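Q: Predicted model, plus sequence, below.
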Amino acid sequence: MPTPHSREDRVRRAAKREGYLLRKSRTRTVDADDYGMYVLVSDTAGNRRPGAQEPISAFRRGDGQPLDGIEQELHALR
């Protein structure tokens, strides 16, 4: 069975192949709505920088998904 970290790496690579970046919520509060959530953002120079605005805005909009949801979204893109 793959470890959670290896699974995340596999999804990151799949996102990169499709032209996206996988970003994880930086929230460390377990009770927060976006704790442990991920978003896909376009692979642009601005999104590759630390503190990029697009992932932050996506989490504020409530667009975060668990890793399972991201895997399904990537599968649908193929």
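A: That came in fine, so what should we check first?
Q: Can you check which helix is longest in the chain?
A: Longest helix in the chain by number of residues (criterion: DSSP state H): helix 4-17.
Q: name the helices or strands packed onto the helix or strand following that helix?
A: Once the chain leaves helix 4-17, the next helix or strand it forms, by DSSP states H and E, is strand 20-24. Packing contacts for strand 20-24, counted by 3 or more Cβ pairs under 8 Å, 6 or more residues apart in numbering; DSSP states H and E, involve helix 4-17, strand 38-42, helix 45-48. Bear in mind the C-beta positions are built from the backbone N, C-alpha and C, glycine included.
Q: Check these for me and report the most buried one.
A: Comparing the helices and strands packed on strand 20-24 by mean neighbour count (mean count of other Cβ atoms under 10 Å), strand 38-42 comes out on top with a mean of 20.
Q: now the helices and strands packed on strand 20-24 in JSON lines, with mean pLDDT and distance to Leu74?
A: Shown next, in JSON lines, are the helices and strands packed on strand 20-24 (pLDDT from 0 to 100; distance: least, Cβ to Cβ, whole Å):
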{"stretch": "helix 4-17", "mean pLDDT": "94", "distance to Leu74": "5"}
{"stretch": "strand 38-42", "mean pLDDT": "95", "distance to Leu74": "8"}
{"stretch": "helix 45-48", "mean pLDDT": "90", "distance to Leu74": "17"}
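Q: I'd assumed Cys35 was in a helix, is it?
A: In this structure residue 35 is Tyr, not Cys. No. Looking at Tyr35 with DSSP: H, G, I helix; E, B strand; the rest coil, it is coil, so not inside a helix.
Q: That one - how many residues pack around it?
A: Using other Cβ atoms under 10 Å, the number of residues around Tyr35 comes to 13.
Q: residues touching it, list them.
A: Taking Cβ atoms under 8 Å, 6 or more residues apart in numbering, we find Tyr35 in contact with 25, 27-29.
Q: Out of these, which comes closest to Ser6?
A: Nearest to Ser6 out of the contacts of Tyr35 is Ser25 (Cβ to Cβ; 19.8 Å).
Q: doesn't Asp33 make contact with that closest one?
A: No. When contacts are counted by Cβ atoms under 8 Å, Ser25 is not listed as touching Asp33 (9.2 Å).
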